[in-house]
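Undergrad: just need the structure, nothing else, for what follows:
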Amino acid sequence: MSNPEPHLLDFDSLPDDGFLRAADLQRLGITPFSNSTRYRLIRARKFPKPRYVAPNVKPFRVGDIRKWQKNPAAYKQQESDA
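TA: Modelled structure (predicted):
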């Protein structure tokens, strides 16, 4: 038996209203920092907040991550984005 190749996610092909879990952000190399650092940045409004979609499911919106990627140093979470 041969193992099929694992499903590879292409971030660039995802729609802005799509969602990614924190583990996907790290696996794809989008966030090179730890969970602790990511949540510290979220509290400081320097990284997008995850969206509540169901109990215990809080993925990140792809469009919010793309806004952050444009200029991470200058990113500021807006009240309307929360």
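Undergrad: mind listing the strands for this protein?
TA: 19-20, 60-61 (DSSP state E).
Undergrad: would you turn these into CSV with mean pLDDT?
TA: Formatted as CSV, those follow (pLDDT from 0 to 100):
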stretch, mean pLDDT
strand 19-20, 94
strand 60-61, 96
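Undergrad: deepest of these, which one?
TA: strand 60-61 (a mean of 22; mean count of other C-beta atoms under 10 Å). Any C-beta I mention is one placed from the backbone N, CA and C, and that applies to glycine too.
Undergrad: how far away from the center of its chain is it?
TA: Averaging C-alpha positions (C-alpha atoms, centre = their mean, to the nearest Å) puts strand 60-61 5 Å from its chain's average.
Undergrad: how many neighbouring residues does residue 27 have?
TA: 13 (other C-beta atoms under 10 Å).
Undergrad: contact partners for it?
TA: residue 9 (C-beta atoms under 8 Å, 6 or more residues apart in numbering).
Undergrad: could you number the chain from 82 rather than 1 from now on?
TA: That works, and once the first residue is 82, the last one we named lands at residue 108.
Undergrad: what sits against residue 127?
TA: Contacts of residue 127 (C-beta under 8 Å, 6+ apart): 153, 156-158.
Undergrad: kind regards, and thank you for your time.
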